[in-house]
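Engineer: Based on what follows, work out the 3D shape:
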Amino acid sequence: MPPTFQPVGSSPVAAITRVLEFYTDEDVSGPLVPELIALGYSVTRTGDVGRHNTPDYMQFAYAVQRGWVLITHNRAHFLELHQIWIHWRPFGLPAHPGLIVIPQPRSELWDLLQYNYAMAAQLIDRLVHSTESLADQVHQWDSDNDWQIIT
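Structural biologist: Numbers count the residues shown, from 1 in each chain. The predicted model follows:
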C-alpha cells in the first residue's frame, strides 16, 4: 500500500492525508502504469485525460493543479519548468507535488541499469517510501543506482 502524504503546504497537525497519485507524461511508456497500479498507486496517463500533444508546461501545471506527482523521461524540459516554478514561489505559486525522472527505455542508462518496467515501478515505490515528501523536488534515477535530487 502506498504511503499517505499531507497535502502540500498543510500543517502536520491539521492535515487530512491523501494517497500519493502519479501523472505520466506522454513520453512515459505504457507498461510502467500497470506496474505502479499493482503496487497500489493511482496513475493517470496523458492519454487518459485527452492531453496528448499538450506542451510540457501545460502538462506540469495540470499535474500541479491536481496534486499529482509527474513522472517523465524528459529531464531537460521538466527540470527547467521546476526551476522556473521554484523561482516564482515567493510570488504566490504553491509547492508542486514533485517530479520523478526515469531513464528513457532503450537508452544507454536504461541498458546499463538492466531493469524492466516492474523494476522501474519498484524503484519509484522505494523512492516514495524513503522520503517524507516529494514536494518541490525533482528526483532522478542515476547510473550509481540511486535516486538523486536534482536542481
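Engineer: Quick check: nearest residue in space to Ile100, chain neighbours excluded?
Structural biologist: Excluding its sequence neighbours, the residue lying closest to Ile100 (C-beta to C-beta, 6 or more residues apart in numbering) is Ile71, at 4.7 Å. In short, each C-beta sits where N, CA and C put it, glycine included.
Engineer: in its sheet, what does the helix or strand the one you found falls within sit against?
Structural biologist: Element membership for Ile71, per DSSP states H and E: strand 69-72. Sheet pairing of strand 69-72 (DSSP bridges) gives strand 21-24 (parallel), strand 99-101 (parallel).
Engineer: In CSV: those, plus distance to His139.
Structural biologist: As requested, those are exported to CSV (distance: least, C-beta to C-beta, whole Å):
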stretch, distance to His139
strand 21-24, 12
strand 99-101, 5
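Engineer: I'd like the ones you listed written out as CSV, with mean pLDDT and mean neighbour count added.
Structural biologist: Below are the strands paired with strand 69-72 laid out as CSV (pLDDT from 0 to 100; neighbours: other C-beta atoms under 10 Å):
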stretch, mean pLDDT, mean neighbour count
strand 21-24, 96, 24
strand 99-101, 95, 24
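Engineer: Going along the chain, name the helices of this protein.
Structural biologist: Under the criterion DSSP state H, helices of the chain are mapped to 32-38, 56-66, 75-88, 108-113, 117-130.
Engineer: Which residues are in contact with Ile46?
Structural biologist: Actually, residue 46 is Thr rather than Ile. Tyr23, Thr24, Asp25, Glu26, His52, Thr54, Gln59 (C-beta atoms under 8 Å, 6 or more residues apart in numbering).
Engineer: Surely the fourth one and Val49 touch.
Structural biologist: No. Between Glu26 and Val49 there is no contact, the gap being 10.9 Å when judged by C-beta atoms under 8 Å.
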